[in-house]
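Enquirer: Structure, please.
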Amino acid sequence: MELDFTPILESRRFLLDGLERTLLLSLLTVILSLVLGAAVGLERVYGPRWLRVPLVFYIDSMRAVPVLVVLVWTYFALPLLSGVTLPPFWAALVALSVHIAAYVAEIVRAGVASVRPGQMRAALALGMSRAQAVREIVLPQALVRMLPAFGSIISITIKDTAIATVIAVPEYMNHSQTLAGESFRPIEVFMVAAAVYFLILFPTTRAVDMLYARLAHLGRS
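Expert: Numbers count the residues shown, from 1 in each chain. I've put the predicted structure just below:
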């Protein structure tokens, strides 16, 4: 079999346009899921007892339902229930953020719980408020310990954006499928797609691992 990458070179602007949307969707999803997940995780640990039941239900339900189901439900079912129709890009952003935030919440909860309780008691004994103790004593150590897991979350987020093609978000995988159908060169197109995702994800994960290696001593207690 002879490989021909000419259609990919000729359509590079089309593919780059999709890649830009993939990176934008990934960046926004990472930011929103980290913010939402951190809030949920901290509220689960330090929030009122009555709030923990709905938070646990949210976390467990999101982890039990495939991201594809959440995406399709957000795009097709949510407008029927709420009357609000989201464009494909924003529907994907909401669905991915809500889904991934559940995993972030568990990472945050586990990271905070890994810090010895005695440090919190010592901070309170020194006159710190609970919020000050969490912000200045617990979180700096917990964040370092959470770095490897956050690296995995970033990788998962970038890969999950490919699922957005099912609701016609014009991201990289959507454009790759279109080009594969038009050029009749699916092997070459998806070989390049795999290489592109690898070139994005491999340096990202290695950078997080290197950062953790430099900061790991700050998380020890």
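
Enquirer: where does residue 221 land on pLDDT?
Expert: If you check residue 221, the pLDDT there is 61.

Enquirer: residue ranges for the helices of the chain, please.
Expert: 6-10, 12-46, 49-64, 67-72, 78-82, 88-113, 117-125, 130-133, 139-160, 172-183, 186-215 (DSSP state H).

Enquirer: now these in JSON lines, with mean neighbour count?
Expert: Where C-beta positions appear, they are placed from N, C-alpha and C, glycine not excepted. Listed next are the helices of the chain as JSON lines, based on neighbours: other Cβ atoms under 10 Å:
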{"stretch": "helix 6-10", "mean neighbour count": "14"}
{"stretch": "helix 12-46", "mean neighbour count": "18"}
{"stretch": "helix 49-64", "mean neighbour count": "12"}
{"stretch": "helix 67-72", "mean neighbour count": "17"}
{"stretch": "helix 78-82", "mean neighbour count": "11"}
{"stretch": "helix 88-113", "mean neighbour count": "22"}
{"stretch": "helix 117-125", "mean neighbour count": "13"}
{"stretch": "helix 130-133", "mean neighbour count": "13"}
{"stretch": "helix 139-160", "mean neighbour count": "19"}
{"stretch": "helix 172-183", "mean neighbour count": "19"}
{"stretch": "helix 186-215", "mean neighbour count": "14"}
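
Enquirer: looking at the ones you listed, which is closest to residue 166?
Expert: helix 67-72 (6.8 Å; Cβ to Cβ).

Enquirer: The closest one - contacts with which helices or strands?
Expert: Packing partners of helix 67-72 (3 or more Cβ pairs under 8 Å, 6 or more residues apart in numbering; DSSP states H and E): helix 88-113.

Enquirer: Pull the distance from the helix it packs on to the chain's centre.
Expert: In terms of Cα atoms, centre = their mean, to the nearest Å, the centre of helix 88-113 is set 6 Å apart from its chain centre.

Enquirer: for stretch 146-154, same thing?
Expert: The chain centroid and the centroid of stretch 146-154 are separated by 9 Å, computed with Cα atoms, centre = their mean.

Enquirer: And stretch 127-142, end to end?
Expert: Using Cα to Cα, to the nearest Å, the end-to-end distance of stretch 127-142 comes to 21 Å.

Enquirer: Does residue 145 touch residue 111 like I think?
Expert: Yes - with contact defined as Cβ atoms under 8 Å, residue 145 counts as touching residue 111 (5.1 Å).

Enquirer: Now do the contacts for the spatially most central residue of the chain.
Expert: In the chain, the C-alpha nearest the mean C-alpha coordinate belongs to residue 157, at 3.8 Å (Cα atoms, centre = their mean). Counting by Cβ atoms under 8 Å, 6 or more residues apart in numbering, residue 157 makes contact with 26, 29-30, 33, 96, 100.
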